[in-house]
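> Requesting a structural model of the entry that follows:
(2 chains)
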Number of protein chains: 2
Amino acid sequence: MTSPLAAHDPRLDLVLQRDVDVPVDLVWKAWTTPAQIRQWFVPKPWTITACEIDLRPGGVFSTVMRSPEGQEFPNIGCYLDVVVNRRLIWTDALLPGYRPSPKPFFTGALELAPAGSGTRYTATAIHGDEAARKTHEEMGFHNGWATVLDQLVAFIKAS
Amino acid sequence: MTSPLAAHDPRLDLVLQRDVDVPVDLVWKAWTTPAQIRQWFVPKPWTITACEIDLRPGGVFSTVMRSPEGQEFPNIGCYLDVVVNRRLIWTDALLPGYRPSPKPFFTGALELAPAGSGTRYTATAIHGDEAARKTHEEMGFHNGWATVLDQLVAFIKAS
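Numbers count the residues shown, from 1 in each chain, chains lettered A, B, ... in the order given. Next up is the predicted model:
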C-alpha cells in the first residue's frame, strides 16, 4: 500500500526516526489505546488527563495535556489513515467528521516497520508553512518527541 | 460502510439533495474524470481551465475556475474518502499528501444512492464556523450547486 504522504520537505516537516527494541504491535497498541496514551504521551511531569480515540478515518483523536502548574491544553483532531501496525496519520486541521478546524497546526504521521525483533519508528510533523514548522521546533519538537519515545519504550518494557 | 461524516448541522453545513434521472455510475464518472469535470463543474459562462485528480485518500483534487472576464481562481485540496459510486469526500483544509493548507474553507461530500433507474444526489459543504457557511451561502451556494447539477445531468444525457 503506497503511502499517501507527500515527499518529506525539510523546510516544512519535522521528523524523528529511531530503531527501538520493542515490537511493532506493542508500539501500535500504545499509540491507539487511550489508557496507554495517558502513560507516556507527554514529557513528565506533564500529564494526559483525557484521551478519546475512534480509530478510523474521520474518527476523533483528542487529548488534554496538563502542565505541572495545572493548566490544561486540549488538542482535537481526526484520523486520516489507519493501517494497523504500519501507519497512523491524523491532523488537527480537521475535526472529527472532517469538519475544518478553527486552529490548524499540523498533520502527524507515525510509520512503523519491523527492525530485527524491534521497530523502526518514524514520527513526522507536517506543517503548512515554515512559520508553523519553526514554532513547533521552538516548542521543543526534537527533545519532546524523543523524550516521549523513551517513555513509550520504558512503558512497554514495564508492562 | 458507515459514513465518516458528522451529523448534519444546519448552522454550519449547506446541503443540496435531489433525485436525478441519470444512473449512479455515470454521475460518479463525471465527478472523477478531469475531462468530464471541465464540461459541467461551474455555472456557464464560467469555465474550468484545468483539473487534476488523483482518486485516493490524500490524492490531489484541484480545479482552476475562469470567470467570463478571464480571471482565474485556483482551488486545491485532497480527497479524504473514496467509495466508488457511493461517496466522495474532499477538503481544501489539506493539500495533497495531507499537508495543512493556507486557506481552509470547506470540506465537500458527494453521496450517491440508486433511486429507481436514477440517482439520489446529495452534495454537502461542511464549514468550520457560521461565518464560513454564510460566506458560502452569499457566494451563491444554493443556485450555483443546483445549476451545476442541471449541467451535469444535461452533460450525461448528451454524452
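
> Look up the residues forming beta bridges with residue A:14.
For residue A:14, the beta-bridge partners under DSSP bridges are residue A:125.

> didn't it look like it was pressed against residue A:133?
Yes - at 6.3 Å, residue A:14 and residue A:133 qualify as touching, with contact defined as CB atoms under 8 Å. In this view, the C-beta of every residue, glycine as well, is placed from N, C-alpha and C.

> What residues sit buried inside the longest strand anywhere in chain A?
Assignment by DSSP state E gives strand A:72-83 as the longest strand of chain A. Residues of strand A:72-83 classed as buried: A:76, A:77, A:78, A:79, A:80, A:81 (neighbour count, 16 or more other CB atoms under 10 Å in any protein chain shown).

> Of those residues, just say which sits nearest to chain B.
residue A:80 (5.6 Å; CB to the nearest CB).

> re the thing from before, which elements pack onto the longest strand of chain A?
Judged by 3 or more CB pairs under 8 Å, 6 or more residues apart in numbering or on different chains; DSSP states H and E, strand A:72-83 is in contact with strand A:60-66, strand A:87-91.

> Neighbouring strands - and their directions - for the first one?
Strand A:60-66 pairs in its sheet with strand A:47-53 (antiparallel), strand A:72-83 (antiparallel), by DSSP bridges.

> Turn these into a markdown table, including mean pLDDT and distance to residue A:152.
Listed next are the strands paired with strand A:60-66 as a markdown table, based on pLDDT from 0 to 100; distance: least, CB to CB, whole Å:
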| stretch | mean pLDDT | distance to residue A:152 |
| --- | --- | --- |
| strand A:47-53 | 98 | 13 |
| strand A:72-83 | 98 | 18 |
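
> In CSV: those, plus distance to residue A:24.
Listed next are the strands paired with strand A:60-66 as CSV, based on distance: least, CB to CB, whole Å:
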stretch, distance to residue A:24
strand A:47-53, 18
strand A:72-83, 12
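
> which residues of chain A fall in helices?
With DSSP state H as the criterion, chain A has helices at A:24-32, A:34-40, A:130-138, A:141-158.

> Buried residues in the third one, which are they?
Residues of helix A:130-138 classed as buried by neighbour count (16+ other CB under 10 Å): A:132, A:133, A:136.
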